[in-house]
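1. Show me how the following folds:
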Amino acid sequence: MYQLSKFTQALGHGARAVTVGSAMVVTTLFAAGTTLALDIGPNFADIAEITLPAYVDIITSQDVSQRGGPRAPRGGAFDEFFEDLFEQLPDGQQQLRRPSSQGSGFVIDPSGIIVTNNHVIADADGVEVVFVDGSRFPATILGQDERADLAVLKIDAGRDLPFINWGDSDAARIGEWIIAIGNPFGLGGTITAGIISARARNINAGPYDQFLQTDASINQGNSGGPLISMAGEVIGINTAIFSPTGASVGLAFAIPSNLARPIIEQLVEFGRARRGWLGVRIQRVTPEIAQQLAMDEARGALIAGLTVDGPAGRGGIKVGDVIVSFAGRDVENMSALPLIVAQTTPDELVAVEVWREGGLVKFDMRVGELTDVAVAALRRNPAQGAGGIETLGLTMVGLNGELRAQFGIGGEVSGVVITEVASGTDAAARRIQPGDVILEVAQQEVSSPDEIAALITARRNNNLASVLMLIQEPDGDLRFVSLSLDG
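-> Now for the predicted structure:
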């Protein structure tokens with residue numbers, strides 16, 4: 001503060017210095033009450049000094065063998081470069097060793113454990129890390145997780161390495177200063193600064209979208225680098241940018257540390273992430289659907305389908321249930337459930353609360369483990385239907401062999417097939433199409449057009465404005481649709 005005091009003395013008698021957070025502001029008073037503020041800004045140098053030594057550039061390569069390919073030109077200024085790039089194999093093949101991508105990472109343990117994004121090292125045949133002091137080490141891949149876009153590397157430096165501690169991303173507030181370290185466009189370790197612009201941002205990158213958004217300058221090559229708080233701790237892993245040009249426009253996204261850390265720990269221990277799994281297809285609860293289900297507000301995740309013999313079905317969950325609480329955590333909306341389930345330990349017995357038939361139902365169920373085994377198709381008991389009817393702009397016909405063949409509907413499906421959809425109707429606006437099969441109306445299974453007509457008539461007689469239908473699409477996906485009874 002001594003130098004700042006000297007600066008205020010130079011400005012004159014009316015100057016004073018104040019500290020606002022980590023920023024130093026000098027204010028001087030002029031005639032007529034005019035105020036001039038000079039924002040010296042936060043000092044990131046101390047944070048850079050302790051974190052940069054633990055940062056690494058990541059360079060990956062792929063080996064591409066090609067027979068009879070062109071040789072590099074000889075006798076030029078780039079001979080040394082091409083000598084390293086091409087190696088003549090004994091059988092006459094050329095082995096092309098080319099850098100395929102460059103990214104970023106950081107050390108989290110003095111033994112040489114390094115975190116990065118999975119997409120940085122995916123399909124790599126070789127991985128090398130480069131520290132800011134120029135030291136280089138080959139790295140092995142300990143584990144990868146494509147769903148969360150995380151990966152763990154290991155190097156043997158022969159010594160303890162500097163590392164960065166994890167921070168608490170849940171404690172990070174919108175508007176707080178952060179710094180990002182990365183390898184923009186392959187230039188090498190670079191620090192940029194900004195603020196946390198938003199939290200829990202969904203960018204449709206996958207089922208675990210809970211990104212921190214920042215306006216720090218993050219470009220291609222920054223993927224996998226740390227997002228660091230003013231305490232010098234990692235609160236995020238820089239993963240994606242939104243940009244029409246490929247360069248920073250102030251919209252960057254980082255995986256929160258509290259989401260990444262348990263996955264990283266599993267990758268270190270098991271080489272893979274172990275996630276909870278329910279075996280359900282879910283759908284957003286819209287205000288219209290909430291009204292149909294007699295819910296006081298639109299919340300939770302609506303179960304639109306169950307995997308055959310999956311954990312949810314065995315545990316007591318039914319199609320049409322709305323999960324509002326899972327493992328003691330509120331399910332605020334559809335996107336919240338996959339993350340909560342994924343963070344649950346496989347085989348754990350958890351408390352579940354669902355909205356069913358106008359009331360809350362509570363029970364315990366055991367969570368399964370998510371694997372890469374293909375999820376079995378949804379099946380229903382076969383049934384027959386006959387006759388045809390038009391209502392709500394839909395022409396509906398009972399299922400028969402000819403219609404099953406025409407629309408590719410399996411024999412295990414029971415319901416009523418839609419053959420025509422009138423344009424300009426609510427059904428058309430909600431993307432109902434010929435070949436869709438109505439499985440339930442008002443949460444009752446249907447097998448004939450007459451049953452559907454009777455249920456719709458009953459709702460109209462009760463002065464209800466809409467009806468909830470469960471529909472199976474031609475590709476097998478199930479979804480709930482709320483249709484206006486005005487058509």
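2. List the buried residues in stretch 115-124.
-> 115, 116, 117, 118, 119, 120, 121, 124 (16 or more other Cβ atoms under 10 Å). All C-beta atoms are positioned from the backbone trio N, CA, C, and that covers glycine.
3. hey, what's the nearest residue to the fourth one once chain neighbours are set aside bridged with?
-> It stands for residue 118. Using Cβ to Cβ, 6 or more residues apart in numbering and skipping the chain neighbours, the partner closest in space to residue 118 is residue 151 (4.4 Å). With DSSP bridges as the criterion, residue 151 is bridged to residue 116, residue 144.
4. where does the stretch 1-150 of the chain have low pLDDT?
-> Applying pLDDT under 70 to the stretch 1-150 of the chain flags residues 1-41, 63-101.
5. how about the strands of the stretch 51-200 of the chain, start to end?
-> Secondary structure of the stretch 51-200 of the chain (DSSP state E, counting those that start in this stretch): strands at 55-67, 86-88, 93-109, 113-116, 126-131, 136-138, 140-145, 150-154, 177-182, 190-201.
6. Tell me which of those lies nearest to residue 49.
-> Across these, the minimum distance to residue 49, taken as Cβ to Cβ, is reached by strand 190-201, at 10.5 Å.
7. Run through who's touching that closest one.
-> Strand 190-201 is contacted by residues 42, 44, 48, 52, 172-184, 209-218, 250-251, 253 when judged by Cβ atoms under 8 Å, 6 or more residues apart in numbering.
8. rewinding a little: could I get the strands of the stretch 51-200 of the chain in JSON lines, plus columns for distance to residue 484?
-> Formatted as JSON lines, those follow (distance: least, Cβ to Cβ, whole Å):
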{"stretch": "strand 55-67", "distance to residue 484": "54"}
{"stretch": "strand 86-88", "distance to residue 484": "68"}
{"stretch": "strand 93-109", "distance to residue 484": "50"}
{"stretch": "strand 113-116", "distance to residue 484": "50"}
{"stretch": "strand 126-131", "distance to residue 484": "56"}
{"stretch": "strand 136-138", "distance to residue 484": "63"}
{"stretch": "strand 140-145", "distance to residue 484": "44"}
{"stretch": "strand 150-154", "distance to residue 484": "45"}
{"stretch": "strand 177-182", "distance to residue 484": "47"}
{"stretch": "strand 190-201", "distance to residue 484": "33"}
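9. still on that earlier bit, so the residue nearest to residue 118 sits right up against residue 113, yeah?
-> No: when contacts are counted by Cβ atoms under 8 Å, residue 151 is not listed as touching residue 113 (11.4 Å).
10. quick one, which of the two is more surrounded?
-> Neighbour count, other Cβ atoms under 10 Å: between residue 151 and residue 113, residue 151 has more, with 28 against 19.
11. What pLDDT is listed against that one?
-> The per-residue pLDDT reported for residue 151 equals 95.
12. who's in contact with it?
-> Contact analysis of residue 151 by Cβ under 8 Å, 6+ apart lists 115, 116, 117, 118, 120, 121, 141, 143, 144, 145, 224, 267.
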